Structures are given as structure tokens and as C-alpha cells.
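Participant: let me see the structure of the following:
(chains A and B)
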Amino acid sequence: KQEVTQIPAALSVPEGENLVLNCSFTDSAIYNLQWFRQDPGKGLTSLLLIQSSQREQTSGRLNASLDKSSGRSTLYIAASQPGDSATYLCAVSEDSSYKLIFGSGTRLLVRP
Amino acid sequence: DVKVTQSSRYLVKRTGEKVFLECVQDMDHENMFWYRQDPGLGLRLIYFSYDVKMKEKGDIPEGYSVSREKKERFSLILESASTNQTSMYLCASSFVQPQHFGDGTRLSIL
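Facilitator: Numbers count the residues shown, from 1 in each chain, chains lettered A, B, ... in the order given. Predicted coordinates:
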């Protein structure tokens, strides 16, 4: 059964720092991987989606990479800002049914 | 922009009640999903639907049912609410991917 793990569970950094969030999955036979952001008391916002044939995706200050063979993905945030403070979740889809399997998330705090 | 609207942000019900959570999307998406989110357990899929009147069980369907009579509306039903169903419930919709989420309903069962 696929399991998705995110470490660390929480991270606190000063403003301006570049940072990396980690996601690992146990079964490399994935269809795609997504990164989401969740603000307190809110739903999820999709940040980046990487298809299984891709190695990375970029959007603004965010870059997500995928290494299927090792079962890992990273989300790189450049020049972090207090507005980046949120919980970041990764999720994998194993087939075209689009069902997602989520990690428990990393709670990020960017200190001014 | 896609809008997924959940009818209530907060809901308090009593054990044994039949509870309805409503979700409406405005983008003509085929796929709709219901998740619950609990601390330490993450998001877990309860049910999903890939077309009107079509549904499939997710990972934790016990104690829940769903209804999709119209394409834009997906309802989650707690047949007889219990305290272990106190949770944050999130609805999502998609054409392919990514999924677009509502703001959630925080449900408390007393």
C-alpha cells in the first residue's frame, strides 16, 4: 500500500532564506505528484503538479522536483517571505482515477 | 477561477443525527471528492464520484454515504453521526488534475 511521508513536520526559518521541503513515497509506480498549500482553517490550493514522466516543474519562486526511482520529491522555495507561512502537503496519484494519497504535511513558519 | 463551495464552515450536531454536508462546484467538472482531515492522519479519501449518479468508495467509507444527482453537487451523508466523525471535511472537484478544494466544513459531533 502506498505511503507518503513528509519530513520535517514543522520548520521555522528567517525571512529571505531558501528552503527545501521533502516528500517520500514507498511505491515508485505513480501517475503524478502534486504539491499543495493549506492556510489555517482553509482548503488546499494546488501549487505544482509533476507528471511521472517529468523531472521538475517551476512556478515563480517555487520549484518541485521528482525522482521516481528513489521515491522522492522536493519543493524548493526561494527567498522565503512571511506570506509563505502555511502547511505544505504533497500527494501522489497512482492511476488515472485521480485519487490522491496525501502526506501529513510540513508546517512552515517564515519569521520576519 | 474554479469555485468549490461547501455549504457550512462550522457545524455542530448530536450523536445519532443524520447529517448532510453539501458541496457545489461551478466548473462542470466530472470528478468530485470528499476527504476528512485529522491531525496526525492527514487527508483521507471517503468517497469520490466520476459522473452523475456514479460513486466509488475511498479508503474510509464506513459510516458515510454520498449522493450525486446533479453534476455540480456532491453531498456527503453521515447516516447516524458518532463522536469519532468529528473532523474537518474537505470537498474537491477536478476535470483531470489538479483537484480544486473548498474551504472545508469543521464538523463537531456532541
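
Participant: and the strands in the chain?
Facilitator: Picked chain A for this. Along chain A, counting by DSSP state E, strands occupy A:4-7, A:10-14, A:19-25, A:32-38, A:44-51, A:56-59, A:62-67, A:72-77, A:86-93, A:100-102, A:106-111.

Participant: um, chain B though
Facilitator: B:4-6, B:10-13, B:19-25, B:31-38, B:42-51, B:54-57, B:64-70, B:73-78, B:87-94, B:100-101, B:105-109.

Participant: where does chain B have low pLDDT?
Facilitator: Confidence mapping of chain B against pLDDT under 70 gives the ranges B:2.

Participant: what residues does it have near chain A?
Facilitator: Within chain B, the positions adjacent to chain A are B:4, B:31, B:33, B:40-45, B:48, B:50, B:56, B:58, B:90, B:92, B:94, B:96-104, B:106 by Cβ under 8 Å from any Cβ of the partner chain. C-beta here means a position set from N, CA and C on the backbone, and glycine is covered the same way.

Participant: recalculate using a threshold of 7 Å.
Facilitator: B:31, B:40, B:42-43, B:45, B:48, B:58, B:90, B:94, B:96-99, B:101-104 (Cβ under 7 Å from any Cβ of the partner chain).

Participant: and the nearest residue to B:Q6 once chain neighbours are set aside, how far is that from B:M88?
Facilitator: Excluding its sequence neighbours, the residue lying closest to B:Q6 (Cβ to Cβ, 6 or more residues apart in numbering or on different chains) is B:G102, at 4.1 Å. From B:G102 across to B:M88, the span is 11 Å (Cβ to Cβ, to the nearest Å).

Participant: one step back: mean pLDDT and distance to B:S82 added to the strands of chain A, as a markdown table?
Facilitator: Compiled in a markdown table, the strands of chain A are given as follows (pLDDT from 0 to 100; distance: least, Cβ to Cβ, whole Å):
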| stretch | mean pLDDT | distance to B:S82 |
| --- | --- | --- |
| strand A:4-7 | 94 | 28 |
| strand A:10-14 | 96 | 31 |
| strand A:19-25 | 97 | 32 |
| strand A:32-38 | 95 | 26 |
| strand A:44-51 | 93 | 26 |
| strand A:56-59 | 96 | 41 |
| strand A:62-67 | 97 | 39 |
| strand A:72-77 | 97 | 36 |
| strand A:86-93 | 96 | 27 |
| strand A:100-102 | 92 | 24 |
| strand A:106-111 | 97 | 29 |
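
Participant: make JSON lines from those strands and add mean neighbour count and distance to B:L21 to it.
Facilitator: Formatted as JSON lines, the strands of chain A follow (neighbours: other Cβ atoms under 10 Å in any protein chain shown; distance: least, Cβ to Cβ, whole Å):
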{"stretch": "strand A:4-7", "mean neighbour count": "18", "distance to B:L21": "25"}
{"stretch": "strand A:10-14", "mean neighbour count": "12", "distance to B:L21": "30"}
{"stretch": "strand A:19-25", "mean neighbour count": "19", "distance to B:L21": "29"}
{"stretch": "strand A:32-38", "mean neighbour count": "23", "distance to B:L21": "19"}
{"stretch": "strand A:44-51", "mean neighbour count": "20", "distance to B:L21": "17"}
{"stretch": "strand A:56-59", "mean neighbour count": "14", "distance to B:L21": "32"}
{"stretch": "strand A:62-67", "mean neighbour count": "19", "distance to B:L21": "32"}
{"stretch": "strand A:72-77", "mean neighbour count": "20", "distance to B:L21": "31"}
{"stretch": "strand A:86-93", "mean neighbour count": "24", "distance to B:L21": "21"}
{"stretch": "strand A:100-102", "mean neighbour count": "24", "distance to B:L21": "19"}
{"stretch": "strand A:106-111", "mean neighbour count": "17", "distance to B:L21": "26"}
